[in-house]
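1. task: produce atomic coordinates for the following.
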Amino acid sequence: MKISEDLTESLFYVKKFKGETFVVKFGGSTLNSKDAVISVGKNLKYLMDVGINVVLIHGGGPLISNTMNALNLEVNFYNGERITDERSLYVVIGGLFAINRDIVEKMNKIDIKAIGISGIIRAKKKENLGFVGEVEDIETCAITCLMNEGYLPVINPLGIDIKNKTPLNINADFAATEIAQKMNAKKFIVLTSAKGVLDRDKNLIRKLTLKQCDEMIADETITKGMIPKVISCKDAIEKGVESAHIVCAYEEFLLNEIFTETGSGTMVIKD
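-> Residues are numbered from 1 along each chain as shown. Have a look, this model is predicted:
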């Protein structure tokens, strides 16, 4: 029997990544799509079935902003971080827990042993942003124990103030890169509604170095919502992760990105 080149290529990557840890960031408008959540779940299940350890961390920006607007609360950001007063903090907490529960329920329905986690991020309060924190430490033992038992940890990015033990709003991208570093992740993956990073002619860029990321942000080839995604990938690489990927959350784009040479999204590498 002749084995196809595609199958041989996929088996090579399956063997290469078996036992490694991938940290996956899932957020933005895709969280509002049931199809996207289920599609992501099926892809993550395959990764777990072939022996890859997967950690999923989610954001909740659009839902939280919509809820704040409905409550006539001001929605303001500074450098991509939500300015969070005490009233807004309660909306953030409620929104993140609701999203976490919804993701876990959907994953369980497609036979993934998923479990929600919160409170593992130790943080320090930032100045002038209200109840917003920066990551100081990650309690990774809970993540490791769950993965060892075959679970998918689904992490809610709320932080706990190391000084007074109060909740803090943590940017999910920043939290995800810190988790990737602490878990010695092989790959950091950002799932989005876009194909990946596009050039000025709207063609997909399949590979970017850190230097190219800086250049394309500076010349405004990379703009708007893609900027924080690229920056989070850069941060992950600088923290020691081997490669980072920006991939469409729908269909089998994630598997194609991981298990084929050409990929289907944008891979960010050191050089």
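2. CA atoms for contacts and neighbours, from now on please.
-> OK.
3. what lines up beside the helix or strand of the chain with the lowest mean pLDDT in the sheet?
-> In the chain, no helix or strand scores lower on mean pLDDT, DSSP states H and E than strand 77-78, which sits at a mean of 73. Each strand paired with strand 77-78, and its direction, by DSSP bridges: strand 81-82 (antiparallel).
4. now residue 202: how far from residue 194?
-> Remark: distance between residue 202 and residue 194 (CA to CA, to the nearest Å) = 11 Å.
5. which of these two has more residues huddled nearby?
-> A direct count of neighbours by other CA atoms under 10 Å for residue 202 and residue 194 places residue 194 higher, at 16 against 9.
6. contacts only, for the more buried one.
-> Contacts of residue 194 were listed using CA atoms under 8 Å, 6 or more residues apart in numbering, and they are 247-248.
7. from residue 203, how far off is it?
-> In this structure, residue 194 and residue 203 are 12 Å apart, going by CA to CA.
8. just how off-centre is the least confident helix or strand of the chain within its chain?
-> 20 Å (CA atoms, centre = their mean, to the nearest Å).
9. number of residues surrounding residue 198?
-> Burial of residue 198, expressed as a neighbour count using other CA under 10 Å, amounts to 17.
10. and residue 216, by the same measure?
-> Going by other CA under 10 Å, the residues that sit close to residue 216 add up to 16.
11. so who does it touch?
-> residue 222.
12. so it lies in a helix, does it not?
-> Yes - counting by DSSP: H, G, I helix; E, B strand; the rest coil, residue 216 is part of a helix.
13. check it and give its pLDDT.
-> We have a pLDDT of 95 for residue 216.
14. likewise the one 3 residues further on?
-> The confidence metric pLDDT takes the value 94 at residue 219.
15. likewise for residue 5?
-> pLDDT at residue 5 comes out at 61.
16. cool, and residue 270?
-> At residue 270 the predicted local distance difference test score is 91.
17. can you pull the contacts of the spatially closest residue to residue 58 that is not a sequence neighbour?
-> For residue 58, ignoring the flanking residues on the chain, the nearest one in space by CA to CA, 6 or more residues apart in numbering is residue 26 at 4.8 Å. Residue 26 makes contact with 56-59, 190-192, according to CA under 8 Å, 6+ apart.
18. endpoints of stretch 15-31, how far apart?
-> 31 Å.
19. for that stretch, list every residue counted as buried.
-> Within stretch 15-31, the residues scored as buried using 16 or more other CA atoms under 10 Å are 17, 21-28, 30-31.
20. the stretch 101-250 of the chain: strands as residue ranges?
-> Using DSSP state E, counting those that start in this stretch, the strands of the stretch 101-250 of the chain run over residues 114-117, 121-125, 133-138, 152-155, 159-161, 167-168, 187-192, 207-209, 243-248.
21. let's have those in TSV, adding mean pLDDT and mean neighbour count.
-> As requested, those are arranged in TSV below (pLDDT from 0 to 100; neighbours: other CA atoms under 10 Å):
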stretch	mean pLDDT	mean neighbour count
strand 114-117	96	19
strand 121-125	94	24
strand 133-138	93	20
strand 152-155	98	25
strand 159-161	94	26
strand 167-168	94	24
strand 187-192	95	26
strand 207-209	96	18
strand 243-248	95	26
